[in-house]
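Q: no sequence for this one, just the structure:
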């Protein structure tokens, strides 16, 4: 692939959208090596072509995953998400919890009330009170952040 402004812009776009293949050198499929249309850096394109080859050309899953630089579990995950969501399903998703699942509104309200009673109370003590009251272990830094967000909302 020629190194010009267009490819640099595509690289930046792939990074921004989380679609940059971290291992483009692992893609050994001939089309991705010989044709500029096929970009081994584009993870969505790599996954789609891998799925297409298995489904329409009968390439075995183990061979397809090898030439496209992905694992067999990655193939099956891509197959499942593609069947459920179509092409957007091949876009990588962020991992981990989606937000403060332990610090519910009720917990934050409790922390705020306790801090109002004694504004010199440290976040470690507040985290301990949350554990005692709600049975949820939270990190003191999470309590500190929640209080900062609450303070921002009120200002």
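A: Arrived safely. This one's a predicted model, so the numbers in the text were calculated from it and none came from an experiment.

Q: ok, now how distant is the residue lying closest to residue 44 once chain neighbours are set aside from residue 105?
A: Excluding the flanking residues, the one nearest residue 44 by C-beta to C-beta, 6 or more residues apart in numbering is residue 90, at 4.7 Å. (Glycine included, C-beta is placed from N, CA and C.) To residue 105, residue 90 is 35 Å away according to C-beta to C-beta, to the nearest Å.

Q: Kindly report the same for residue 120.
A: To residue 105, residue 120 is 25 Å away according to C-beta to C-beta.

Q: cool, and residue 58?
A: Taken as C-beta to C-beta, the span from residue 58 to residue 105 is 54 Å.

Q: One more: residue 92?
A: From residue 92 to residue 105 the distance is 31 Å (C-beta to C-beta).

Q: likewise residue 57?
A: Counting by C-beta to C-beta - residue 57 and residue 105 are separated by 53 Å.

Q: Likewise for residue 66?
A: 49 Å.

Q: now do residue 154
A: With C-beta to C-beta as the criterion, residue 154 and residue 105 are 15 Å apart.

Q: which residues touch the spatially most central residue of the chain?
A: By C-alpha atoms, centre = their mean, the chain has its centre lying nearest to residue 94, at 1.4 Å. Contacts for residue 94 (C-beta atoms under 8 Å, 6 or more residues apart in numbering) come out as residue 18.

Q: Need the three-state assignment for it.
A: coil (DSSP: H, G, I helix; E, B strand; the rest coil).
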